[in-house]
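*Asks:* structure for the following, please:
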Amino acid sequence: MTTIQKKAVLAHKLETDDDVRSALEELRNNAKMEFSGLAQAALRSYAGSNGGQLPTDVLQILPLLASPADPSILQRYAMLQSGQLSDSDPDKYIIGENDAPVDDKFDTQMKFNLNLVWFEAYVKH
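*Replies:* Numbering: from 1, shown residues only. Down below sits the predicted model:
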């Protein structure tokens, strides 16, 4: 746990279950943000090495991540656009979180493209 992550947890009162759940949600979001930066760089690398083509499966960027990651982390995500990177809509997501959140009351789902990251409230289907 980094100093920033420790400060984030300690900023919460941690007196109630909701306090703890909120602190854990913040830690998960921090981890997701760190992952999104790695994945964005890996997407750029993949497209650069494959004639501008986006991967068809998010697992294709696994070997390009700057830090090793367990494949199960990437399996939580799905490609939301395909084809040529130059044809992708820059205002839309390229990769999005597929799985239900750990805590559907507090957690959000992350989606991102090469430049931006969005966190959205989880909506049960």
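
*Asks:* which parts of the protein are strands?
*Replies:* Ranges of strands within the chain are 77-79, 95-97, 108-112, 117-121, based on DSSP state E.

*Asks:* right, so of these, which gets closest to residue 31?
*Replies:* Ranking the strands of the chain by proximity to residue 31 (C-beta to C-beta) places strand 108-112 first, at 10.0 Å. Using the backbone N, CA and C atoms, a C-beta is placed for each residue, glycine as well.

*Asks:* show me what that closest one is packed up against.
*Replies:* Other elements packing on strand 108-112 under the criterion 3 or more C-beta pairs under 8 Å, 6 or more residues apart in numbering; DSSP states H and E are helix 17-49, strand 95-97, strand 117-121.

*Asks:* so that strand versus strand 117-121, what angle?
*Replies:* 150 degrees (axes from the mean of the first three to the mean of the last three C-alpha atoms, to 10 degrees).
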